[in-house]
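Engineer: mind folding the following:
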Amino acid sequence: MAHRGTNGSKIFITVLCIVAACSAVPINDLLDRASQRSDTLHSLSTTLTQDLNNHVPPIGWMMMPRPSLCHTSSLQTPNDKEQTLQLSESDLLSLARSLLQAWQDPLVDLSTSANSLLHPSQTSISNKIRELQEHSKNLGDGLDILSGRMGPAAQAISSLPYRGGNDIGGDKISQLTNFHFLLSCFRRDSHKIDSFLKVLRCRAAKVQPEMC
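Structural biologist: Got it, this is the predicted structure:
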């Protein structure tokens with residue numbers, strides 16, 4: 001019992017040290033790191049989507065759900081850059097965090113399904129999905145720290161229920177189609193997250209809005 005208590009104390013102290021270190025980092029630097037991470041996330045999701053495009057059969061494209069059926073579509077987000085620039089810093093961060101959190105479970109489904117995906121680059125896709133999960137978690141941790149620095153409004157998160165299961169299809173064509181659809185939804189949302197964070201970074205650096 002004493003040994004466990006000692007380990008627990010060490011972990012607690014380590015967490016405190018990390019929090020203290022992050023508290024000393026200027027918000028500009030935190031936003032730079034978050035923006036770089038979100039850029040990587042979007043680039044990786046774009047590459048993955050392109051990898052799949054040529055391997056979805058014609059019937060798969062006919063079965064593909066509309067983008068409006070993405071589970072995050074209920075979240076009210078800006079339609080263009082002009083609308084994005086009108087939002088407050090807290091609102092932008094809240095939207096980014098809401099979208100990112102909404103993808104925790106779907107990314108698990110993508111990772112599970114990637115292991116049996118009917119695709120010539122199945123192993124590479126599976127590895128990239130795991131990278132997406134890692135980058136998403138790291139970005140989420142960074143945004144949690146940022147929200148703590150920016151106040152209660154930035155800490156608000158909208159709940160976006162995901163009603164998927166442990167896998168995303170029965171037959172191979174359905175699985176590939178649903179996998180592509182879910183990944184396309186993530187690509188769309190990762191672009192939104194990246195855009196929101198780049199605007200935040202520009203504002204923190206006092207760059208003119210039209211340059212963001």
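Engineer: which strands and helices sit next to the longest helix along the chain?
Structural biologist: Identified as the longest helix of the chain according to DSSP state H is helix 172-204. The contact analysis (3 or more Cβ pairs under 8 Å, 6 or more residues apart in numbering; DSSP states H and E) places helix 172-204 against helix 27-53, helix 58-63, helix 81-86, helix 89-102, helix 104-114. Bear in mind the C-beta positions are built from the backbone N, C-alpha and C, glycine included.
Engineer: least reliable of these going by mean pLDDT?
Structural biologist: Mean pLDDT is lowest for helix 58-63 out of those, coming in at a mean of 80.
Engineer: quick check: the one residue sitting closest to the centre of the chain vs residue 138, distance?
Structural biologist: Taking Cα atoms, centre = their mean, the centroid of the chain lies closest to residue 100, which sits 3.9 Å from it. Separation of residue 100 from residue 138 (Cβ to Cβ, to the nearest Å): 11 Å.
Engineer: same thing with residue 189?
Structural biologist: 17 Å.
Engineer: neighbour count winner among these two?
Structural biologist: Between residue 189 and residue 138, counting by other Cβ atoms under 10 Å, residue 189 is the more crowded of the two (27 against 15).
Engineer: for the more buried one, which non-adjacent residue is spatially closest?
Structural biologist: Spatial nearest neighbour of residue 189, chain neighbours left out: residue 99 (4.8 Å); criterion: Cβ to Cβ, 6 or more residues apart in numbering.
Engineer: how close does that neighbour get to residue 196?
Structural biologist: Distance, residue 99 to residue 196, by Cβ to Cβ: 9 Å.
Engineer: just say helix, strand or coil for the closest residue to residue 106 other than its chain neighbours.
Structural biologist: Closest residue to residue 106 apart from its sequence neighbours, by Cβ to Cβ, 6+ apart: residue 162 at 5.4 Å. Per DSSP: H, G, I helix; E, B strand; the rest coil, the secondary structure class of residue 162 is coil.
Engineer: my read: residue 135 touches residue 44, true?
Structural biologist: Yes. The criterion here is Cβ atoms under 8 Å, and residue 135 meets it with residue 44 at 6.9 Å.
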